[in-house]
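Participant: Give me a model of this one.
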Amino acid sequence: MDASGLRAPKVADRFANELRRMLIGGEIAEGTMLPPEPALMEHYGVSRPTLREAFRVLESESLIQMCRGRSGGARVTRPRRETLARYAGLILEYEGVTVKDVCDARAALEVPMVQHLTMNRDPRVITELERIVDREVQMNPGASDQLSDFHAAIARLSGNDTLQIISHMLRHIIEKTNRSMQSAKGKRLEQAVRRSVKTHRMVLNAIRAGDVAEAGELWRRHVQNGDEFVLTASEMSAAVDLLE
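Facilitator: Presented below is the predicted three-dimensional model:
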């Protein structure tokens, strides 16, 4: 094998990799301000352009936040799931993927979660879902933000962290797209919110009764309809759009 054409990783990439390893591994706590640029340059033996290029990479990954001003610098931040959703959304948009396609994928992922919770019928899970549904009944019919609590709880209570992260990513993509479309307003939004709350209650009742088939079918229809209040027939064929 001829290795003469291989390029060694750029110094900035290697430096970013080293910082990323320490940040992800918890060696540097969230909220910590990294040392000033001159101290980092001296300690790691890198130039200012190399340091700043590495910082740009880490900032794009939501691992640091650059603070301006006299007391500014690089502050360590927690990686945000929304960053994953944005990158995934851009790829989906480039590929011409529709919102309906994303809803279908989410249904394929979340229906087994609901079925799993229904088979287990864990009293603690049922109690938590009951609290969420009770709050939904009391909320303003014109609001919709709280409806995501029930969806998030389904993913979280399923017990698989990886599936929870993927589910959150798909939900964020759908909600972000719907906000940009502004598809539901006024009476239509209020009616759809009421339908969603009613469906959540029906799913909860199915879980409580241990009716796996009913719970799974209710959730499949609910998710494929884009949470029942965000997509019209024409919008169901629109490509995902996460661009600002």
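
Participant: Next one: the spatially most central residue of the chain relative to Ala88, how far apart?
Facilitator: Of all residues in the chain, the one closest to the mean position by Cα atoms, centre = their mean is Met169, 3.2 Å from it. Using Cβ to Cβ, to the nearest Å, Met169 is found at 6 Å from Ala88. All C-beta atoms are positioned from the backbone trio N, CA, C, and that covers glycine.

Participant: Same check on Arg70?
Facilitator: Taken as Cβ to Cβ, the span from Arg70 to Ala88 is 38 Å.

Participant: These two: who's more crowded?
Facilitator: Ala88 (19 against 4; other Cβ atoms under 10 Å).

Participant: tell me the pLDDT at that one?
Facilitator: Listed pLDDT for Ala88 reads 86.

Participant: Report the secondary structure element holding it.
Facilitator: Element membership for Ala88 (DSSP states H and E) is helix 81-94.

Participant: For that helix, which helices and strands make contact with it?
Facilitator: helix 161-181 (3 or more Cβ pairs under 8 Å, 6 or more residues apart in numbering; DSSP states H and E).

Participant: CA atoms only for the helix it packs on - export them in CSV, please.
Facilitator: The C-alpha trace of helix 161-181 is given here as CSV (Å, rounded to 0.1, in the frame of the first residue of the first chain):
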residue,chain,number,x,y,z
ASP,A,161,-31.1,5.8,26.4
THR,A,162,-30.1,5.4,22.7
LEU,A,163,-33.7,5.1,21.5
GLN,A,164,-34.7,8.1,23.7
ILE,A,165,-32.1,10.3,22.1
ILE,A,166,-33.1,9.2,18.6
SER,A,167,-36.8,9.8,19.5
HIS,A,168,-36.0,13.2,20.8
MET,A,169,-34.1,14.1,17.6
LEU,A,170,-37.1,13.1,15.4
ARG,A,171,-39.5,14.9,17.6
HIS,A,172,-37.4,18.1,17.5
ILE,A,173,-37.1,17.9,13.7
ILE,A,174,-40.9,17.6,13.4
GLU,A,175,-41.7,20.4,15.9
LYS,A,176,-39.1,22.8,14.4
THR,A,177,-40.5,22.2,10.9
ASN,A,178,-44.0,22.7,12.1
ARG,A,179,-43.2,26.0,13.8
SER,A,180,-41.6,27.3,10.6
MET,A,181,-44.8,26.2,8.7
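
Participant: And the next helix or strand after that helix, what's buried?
Facilitator: Toward the C-terminus, helix 161-181 is succeeded by helix 186-209 as the next helix or strand (DSSP H and E). Within helix 186-209, the residues that qualify as buried are 189-190, 192-193, 196-197, 199-204, 206-208, counting by 16 or more other Cβ atoms under 10 Å.

Participant: so what secondary structure elements neighbour the lowest-mean-pLDDT helix or strand in the chain?
Facilitator: Among the helices and strands of the chain, helix 161-181 carries the lowest confidence by mean pLDDT, DSSP states H and E, at a mean of 81. Judged by 3+ Cβ pairs under 8 Å, 6+ apart, helix 161-181 is in contact with helix 81-94, helix 99-120, helix 147-157.

Participant: Show me what the second one is packed against.
Facilitator: Okay, so that is helix 99-120. Applying 3+ Cβ pairs under 8 Å, 6+ apart, we find helix 99-120 packed against helix 147-157, helix 161-181, helix 186-209, helix 212-224.

Participant: What average pLDDT does it get?
Facilitator: Per-region confidence: helix 99-120 scores 91 on mean pLDDT.

Participant: which residues sit in contact with Asp122?
Facilitator: Asp122 sits next to Leu157 when contact means Cβ atoms under 8 Å, 6 or more residues apart in numbering.

Participant: so how far is Ile207 from it?
Facilitator: 9 Å.

Participant: cool, Ile132 as well?
Facilitator: To Ile207, Ile132 is 12 Å away according to Cβ to Cβ.

Participant: Grab the nearest non-local neighbour of Glu112.
Facilitator: For the record, residue 112 is Pro, not Glu. Among residues not flanking Pro112 along the chain, Gly216 sits closest, at 7.8 Å (Cβ to Cβ, 6 or more residues apart in numbering).
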